[in-house]
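>>> sequence unknown, structure follows:
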């Protein structure tokens, strides 16, 4: 999880920035021949050298992942802004080539193609497969800006490189072509400038100057939100105080409205009646509400009605919305809120019929614009869980199949649910076949293993045969996984460091020379980091007799709070991992010392260092306990041999 990205999601201005989506239509694959292909890379080509909005884009991929099980997907930059979610491209394998098509929507500035299967991503040596957009044969206004800003999501989208200096150069290239854009997009330029370590002080000074000008004139007051965050450099109290000054100066302005919206967001699903009253208050007393803010407010109102099971107002508000606002943004936001509420109700086994009504609203909202997105897969998974509990086994299977497809079959907990629903419906033959596929792809977990046994025994009835077959499948899967990980091994000198632990002791990396060391970069605000703790605890215990040391480096905190040690200890205690050896990364020259030395761009991030001090493996993200445990144990075994 990228720290800067999370911070954007925590302030509403950035939330509007990241979720303002346009209408996207998809063209189903119809023809794979007689296409004029021009080579953009040796492995991936488009049917045009200069893609334009409204054009049908056909992609032909012939790289190492051109095989059954690989999918193509894309993510878009609308003009100067980055957008989500990821969209699946309907793909077919034709003559050892992956071929897929989609229509490039209007207002597109840049787009990136992702090539991935359950095990691998072809990220073009970390650079990805990105394409500028043209208009009348010339680079479209904003295309290089969009390319530069999209770089900061490379790690998230395709596990690629994040090159802040390259991003900055792309913006400057844009300004050379369109000088007037520098004035209208200066807040984004300064933000990217702040991510280049050698230019951070310059960025902060520019942000201070612009902030002071806004405070004095009120012009571009909405930009003060972003400038406050840059000036504060991660210290929440400073950022909040700067925003408060703007609110005091302009009590009905953009920042003042955002403050109210932050409160509305916090209470819409816990205090729905209060949220509805606050919504009405904002509409009455704040006349300068932007389009994005109004959309956000409407979504929170829908969430409040859903939480109250007030389906009359929910339906009336939603139906009015469909008629008035045709933007994709609002439907994605609404769909996400509905899914959260329905999932919460489903887990508690309460109000399942109401939960079904709410999740069906989510699905309707998704279908309006993004029926091929990963977010739609989440909603379908919730729908499947609810249908299963209501006794609709066939419906649960149908929707969970779609979830597995849209999530690319890489999440064991998602895969497990499909097997469970098949077993519940006595479809043992299919449950057996699909289970074997997940086990082969290392996308299984112990629950899938047990369900596989149930299905196998129901068909074959011989436990001895099951043990033999199961062992063979797992041995083959482990061997293939070992080869895959072996190809990812590196051999780079690990930067030495010294940091204090929670007890104030100074710890040096070089102190552990002679042992394998696993570094885990995390933060108190990072959900996936903390979510991976049980798996880290398990693998730590399993490897403790193999001279493997684990160091958990707390970094990228949203603020340098005074009681950091206590907060960290409280989290460790709540997760029953108080024995983790936590080190506190320190800020030096406005950057976290060790995080910068290891070029950590997103967390959780893992580094495995061998006994002589070389980095042999690194990874980011967290998908499941099973995958993480297998990965770490396999790499440790490889570098120990």
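On my side now, so go ahead. As the structure is a computational prediction, the values presented were derived from the model and not from experiment.

>>> got the contact list for the nearest residue to residue 238 once chain neighbours are set aside?
Leaving aside its chain neighbours, residue 238 sits nearest to residue 232 (3.9 Å; criterion: CB to CB, 6 or more residues apart in numbering). Glycine gets a C-beta too; all of them are placed from N, C-alpha and C. Going by CB atoms under 8 Å, 6 or more residues apart in numbering, residue 232 touches 238-239, 242.

>>> Give the residue spans of the stretch 201-350 of the chain that score low on pLDDT.
Residue ranges of the stretch 201-350 of the chain with pLDDT under 70: 326.

>>> ok so, going back, of the contacts of residue 232, which is the nearest to residue 53?
Nearest to residue 53 among the contacts of residue 232 is residue 239, at 36.6 Å by CB to CB.

>>> residue ranges of the strands in the stretch 351-500 of the chain, please?
Using DSSP state E, counting those that start in this stretch, the strands of the stretch 351-500 of the chain run over residues 492-493, 498-501.

>>> what's the most buried one of those?
Highest mean neighbour count of the strands of the stretch 351-500 of the chain: strand 498-501, a mean of 16 (counted as mean count of other CB atoms under 10 Å).

>>> Can you give the distance of it from its chain's centre?
Centroid separation for strand 498-501 versus its chain: 30 Å, with CA atoms, centre = their mean, to the nearest Å.

>>> hmm, back to that, what would the contacts of residue 232 look like in a markdown table with neighbour count and distance to residue 553?
Converted to a markdown table, those look like this (neighbours: other CB atoms under 10 Å; distance: CB to CB, whole Å):
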| residue | neighbour count | distance to residue 553 |
| --- | --- | --- |
| 238 | 16 | 24 |
| 239 | 22 | 24 |
| 242 | 21 | 29 |
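
>>> If we only consider those, which is nearest to residue 342?
Nearest to residue 342 out of the contacts of residue 232 is residue 239 (CB to CB; 33.6 Å).

>>> Which elements pack onto the helix or strand where the closest one lies?
Taking DSSP states H and E as the criterion, residue 239 maps to helix 236-249. Where contact means 3 or more CB pairs under 8 Å, 6 or more residues apart in numbering; DSSP states H and E, helix 236-249 is packed against helix 200-217, helix 224-232, helix 254-267.

>>> which residues touch residue 538?
Going by CB under 8 Å, 6+ apart, residue 538 touches 625, 629.

>>> which one among the contacts of residue 232 gets closest to residue 479?
Nearest to residue 479 among those is residue 239, at 50.9 Å by CB to CB.

>>> For that closest one, give me its contacts.
Going by CB under 8 Å, 6+ apart, residue 239 touches 228-229, 231-232.

>>> next one: residue 597
Contacts of residue 597 were listed using CB under 8 Å, 6+ apart, and they are 495, 497.

>>> separation between the nearest residue to residue 604 once chain neighbours are set aside and residue 571?
Leaving aside its chain neighbours, residue 604 sits nearest to residue 529 (4.3 Å; criterion: CB to CB, 6+ apart). Separation of residue 529 from residue 571 (CB to CB, to the nearest Å) stands at 10 Å.

>>> Kindly report the same for residue 44.
Distance, residue 44 to residue 571, by CB to CB: 43 Å.

>>> same thing with residue 267?
From residue 267 across to residue 571, the span is 25 Å (CB to CB).

>>> With residue 467 instead?
41 Å.

>>> Residue 397 now?
As for residue 397, its distance to residue 571 is 38 Å (criterion: CB to CB).

>>> neighbour-wise, which of those two wins?
A direct count of neighbours by other CB atoms under 10 Å for residue 397 and residue 571 places residue 397 higher, at 22 against 19.

>>> Excluding chain neighbours, what is closest to that one?
The spatially closest residue to residue 397, leaving aside those adjacent along the chain, is residue 421, at 4.7 Å (CB to CB, 6+ apart).
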